[in-house]
Structures are given as structure tokens and as C-alpha cells.
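Asker: Here's my sequence, what's the structure:
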Amino acid sequence: QVDDIVDKISNTLKLTRHETDYTMRWDGKYGSVLSIIKRHAKVKGISKSADNIFTADVGIPPSEYDALIKELKKPTNGDYEIELIEQAQPMEKPGPGLRW
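Answerer: Okay, the predicted model is just below:
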């Protein structure tokens, strides 16, 4: 009986990890930024420009966002950018019009 109850609870509480996608940019002189980001977020892509500016696409769970921002302020003194990537919804195609 206990197993049945546990199964019902686990089926009811399907846990999913929600992330919001952001683009972050920072100067390469702040060497610890990437390791800080990796502790709090999922790095989905990263590039470095000729002038030593890193750009990373990251997925940050809402529960980690504040901790990440707080930790990033220590080495950078706020000298970085974080920009929300809009979650584009696919547009629905209009159905055929009704004609009488």
C-alpha cells in the first residue's frame, strides 16, 4: 500500500527544472566570472571577441538568479551585462476562413 501511495505522489509531483535564458557579456580581465556563472547556471554557448569580451548564452533557474548576481558583483563591481533572451512563442497559423 505504501508503494502505491509513493507512486501516486511521485506521478503527481513531476519536477521540472525551469530556466530563463539570458545573454551575458563581461571583460576577459575578470577571470573568475565564467566559473561563477557555471556554479549557478547552465552555459549553453560562449564566445570571445577580439577585444577580450566574453559573450555567453546561459540558462538560469529563478532560484539561482539572485545568488548569481550577488556573487558576480564581487569580482566585477557590477561591470558586466545581463540581457534577457525573449522566449519567442511560435505564432499560430490562422485557420481557413468560413465561407457561406
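Asker: end to end, how far does stretch 69-84 reach?
Answerer: Terminal residues of stretch 69-84 lie 14 Å apart, using CA to CA, to the nearest Å.
Asker: Flag every buried residue along that stretch.
Answerer: By neighbour count with 16 or more other CB atoms under 10 Å, stretch 69-84 contains the buried residues E71, L72, T76, Y80, I82. Just so you know, the C-beta spots here come from the backbone N, C-alpha and C atoms, and that holds for glycine as well.
Asker: show me what contacts the third one?
Answerer: With contacts taken as CB atoms under 8 Å, 6 or more residues apart in numbering, T76 has the following neighbours: W26, D27, Y30, V33.
Asker: pLDDT wise, what is it at?
Answerer: T76 carries a pLDDT value of 94.
Asker: any idea how far it lies from I36?
Answerer: Using CB to CB, to the nearest Å, one gets 9 Å for the distance from T76 to I36.
Asker: Likewise for the second one?
Answerer: Per CB to CB, L72 is found 6 Å from I36.
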